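S.K.: how would this look folded up:
(one chain, ligands or ions: 1)
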Amino acid sequence: CMFEFWLLLCAYLLGSFSSAVLVCRAMGLPDPRQSGSGNPGATNVLRTGGREAAILTLAGDLGKGSLAVLLALLSGASLQLQGWCLLAAVCGHLFPFFSSLRGGKGVATTLGAMLVLHWPLALIQLACWGILFGLSRISSLASIATALLTPLFCLLLLPELIWSISITCLLLLLRHSSNLRKLISGREHRF
Ligand code: G3P
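M.R.: As a prediction, the model looks like this:
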């Protein structure tokens, strides 16, 4: 039981590091929480800080998600527990301990964790996001639709993890409620 507790705590703390905030601070760019959509994620850093900072943010958030599951995998955790570590890392990103629980939306963190947990499912998510973004040029629309479809992909490829993955997707969707409102009223940012 202590083993599970420490792994989940590590995953949560790893997820808590905000790549967007750290990258922008290091590069002397505006705080993404104070500009653009106000979201500390790669999409908003692309808007407010440019391509290089966005790539670093994306790499950091993918990396911390991957690391959280890799740590569980290398410690001999069961697949179930690895799934809960994915959720814990995303919770860290969404509700970071170090930034008064105000974090991002969890898309890159989820993908990074999924790449280690089950890479075929991660590639399907990536393809789904990429196609929808390519068609719409709206990052949030691609993220929302991918989060809606992921439980279905999971049922087909990884049914044993349906709970941890579906809860993660639900949190992602709740985090995109402001985007959903903007999409409906036609005010969402494009690229
Ligand atoms: O990954 C976050 C994206 O789906 C939306 O970000 O900054 O457009 O609210 P943003």
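
S.K.: switch to C-alpha atoms for all contacts and neighbour counts from now on
M.R.: Noted.

S.K.: for whichever residue of the chain sits closest to the ligand, phi and psi?
M.R.: The shortest separation between the chain and the ligand is 3.5 Å, found at residue 140 (distances taken as Cα to the nearest ligand atom). Backbone geometry at residue 140, expressed as degrees, to the nearest 10, gives phi -70, psi -40.

S.K.: With residue 188 instead?
M.R.: phi -70, psi 140.

S.K.: count of residues packed around it?
M.R.: 17 (other Cα atoms under 10 Å).

S.K.: ok, now which ones touch it?
M.R.: For residue 188, the contacting residues are 138, 179, 182, by Cα atoms under 8 Å, 6 or more residues apart in numbering.

S.K.: Save these as JSON lines, and put in secondary structure, pLDDT and distance to the ligand too.
M.R.: Formatted as JSON lines, the entries for the contacts of residue 188 read as follows, by DSSP: H, G, I helix; E, B strand; the rest coil; pLDDT from 0 to 100; distance: Cα to the nearest ligand atom, whole Å:
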{"residue": "138", "secondary structure": "coil", "pLDDT": "95", "distance to the ligand": "8"}
{"residue": "179", "secondary structure": "helix", "pLDDT": "96", "distance to the ligand": "6"}
{"residue": "182", "secondary structure": "helix", "pLDDT": "96", "distance to the ligand": "10"}
